[in-house]
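[1] 3D model of this:
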Amino acid sequence: MDYEPPGQRTLPSAWRVILLSSVDATNQGISSDFRAAEQQFEKILKIDPYRIDDIDVYSNILYVADNRLTLSRLAHEFLALDKDRPEVCCLVGTTPFSFRH
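    Predicted structure coming up:
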């Protein structure tokens, strides 16, 4: 058995995969590879459809990519999940209503 310092625990492998995937998708969004970032976030949400962490980053990527349909769907789903989370508020702020001039 590997030594683990007291008080430190490793993440279960599924969580680790989701976390690293999210970091990867965020980096792709920053580097303007929006399609790859979208695909990465889609994979993350298939694994954990209730993951609110980084949904604000995903919503910004969808906004820049002009993907209004997915933005609307996500806003409805995540408002029902937890309307008071800051990430959800950011998601709602990037919905098609904010596309109006």
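[2] quick one: low-confidence parts of the chain?
    For the chain, the stretches with pLDDT under 70 are 1-32, 97-101.
[3] give me that answer again for 80
    Applying pLDDT under 80 to the chain flags the ranges 1-33, 96-101.
[4] Help me confirm that Asn67 comes into contact with Glu38.
    Yes - judged on CB atoms under 8 Å, Asn67 makes contact with Glu38 at a distance of 7.2 Å. In short, each C-beta sits where N, CA and C put it, glycine included.
[5] residues in contact with stretch 82-101?
    52-56, 58-60, 62-63, 68, 71-72, 74-75, 78-79, 81 (CB atoms under 8 Å, 6 or more residues apart in numbering).
[6] Tell me which residues of it come out buried.
    Arg85, Glu87, Val88, Cys90, Leu91, Val92, Thr94, Thr95 (16 or more other CB atoms under 10 Å).
[7] Out of these, flag the one nearest to Ile44.
    Ile44 has its nearest neighbour among the buried residues of stretch 82-101 in Glu87, at 13.4 Å by CB to CB.
[8] Leu45 versus that closest one, what's the distance?
    13 Å (CB to CB, to the nearest Å).
[9] For Asp66, which three-state class applies?
    Secondary structure, DSSP: H, G, I helix; E, B strand; the rest coil: Asp66 is coil.
[10] Can you give me the neighbour number for it?
    10 (other CB atoms under 10 Å).
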